[in-house]
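Peer 1: Would you be able to build a 3D model of this:
(one chain, ligands or ions: 1)
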Amino acid sequence: MPIDPDLQSRGRLVRSLGALREMLPGSFVERKRACGRPNCHCADGKNLHSQFQISVLVQGQPKTFNIPTRLVEQVRQKIEMRRRFEAAADTICGINLKRFLQQKENR
Ligand SMILES: [Zn+2]
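Peer 2: Numbering: from 1, shown residues only. This is a model prediction of the structure:
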């Protein structure tokens, strides 16, 4: 049997999905804001604070959740995992569609 490169890629992709199990939905947002304290460095309106958030649909409603500073990098990576998951699913579906169309031809 010749090795089917599509099946090899599909197998590799499917096996890679386990590493993405901690993925988070939504998008990563950075907002700049002033805290309101008159003596803070942000009071000049230029050196603003960064607030990081997850923006996500919950039961169809848009929500944003603040991300504590200690979790920012971790959350950013988990949201990125979702993007890779979707890309892998698209590729797997593309391979399966191609195989379906080939099977259809072979009858
Ligand atoms: Zn401030």
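Peer 1: elements contacting the lengthiest strand in the chain?
Peer 2: Criterion DSSP state E: the longest strand present in the chain is strand 49-58. For strand 49-58, the contact count by 3 or more C-beta pairs under 8 Å, 6 or more residues apart in numbering; DSSP states H and E identifies strand 27-33, strand 61-66, helix 72-105 as packing neighbours. (C-beta placed from N, C-alpha, C; glycine too.)
Peer 1: Which positions within it qualify as buried?
Peer 2: For strand 49-58, the neighbour count (16 or more other C-beta atoms under 10 Å) marks 52-54, 56 as buried.
Peer 1: Direction-wise, compare that strand with strand 61-66 and give the angle.
Peer 2: 150 degrees (axes from the mean of the first three to the mean of the last three C-alpha atoms, to 10 degrees).
Peer 1: from now on call the first residue 743
Peer 2: OK, 743 is where the count begins now, so the last one is strand 791-800.
Peer 1: export strand 791-800 as PDB, just CAs?
Peer 2: Extracted C-alpha coordinates of strand 791-800, given in PDB (Å, rounded to 0.1, in the frame of the first residue of the first chain):
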ATOM      1  CA  HIS A 791      -2.400  51.800  32.100                       C
ATOM      2  CA  SER A 792      -2.900  48.600  30.200                       C
ATOM      3  CA  GLN A 793      -5.800  46.500  31.100                       C
ATOM      4  CA  PHE A 794      -6.000  43.100  29.400                       C
ATOM      5  CA  GLN A 795      -9.300  41.400  28.800                       C
ATOM      6  CA  ILE A 796     -10.900  38.400  27.200                       C
ATOM      7  CA  SER A 797     -13.700  39.400  24.900                       C
ATOM      8  CA  VAL A 798     -16.100  36.500  24.300                       C
ATOM      9  CA  LEU A 799     -19.600  35.500  23.500                       C
ATOM     10  CA  VAL A 800     -21.400  33.800  26.400                       C
END
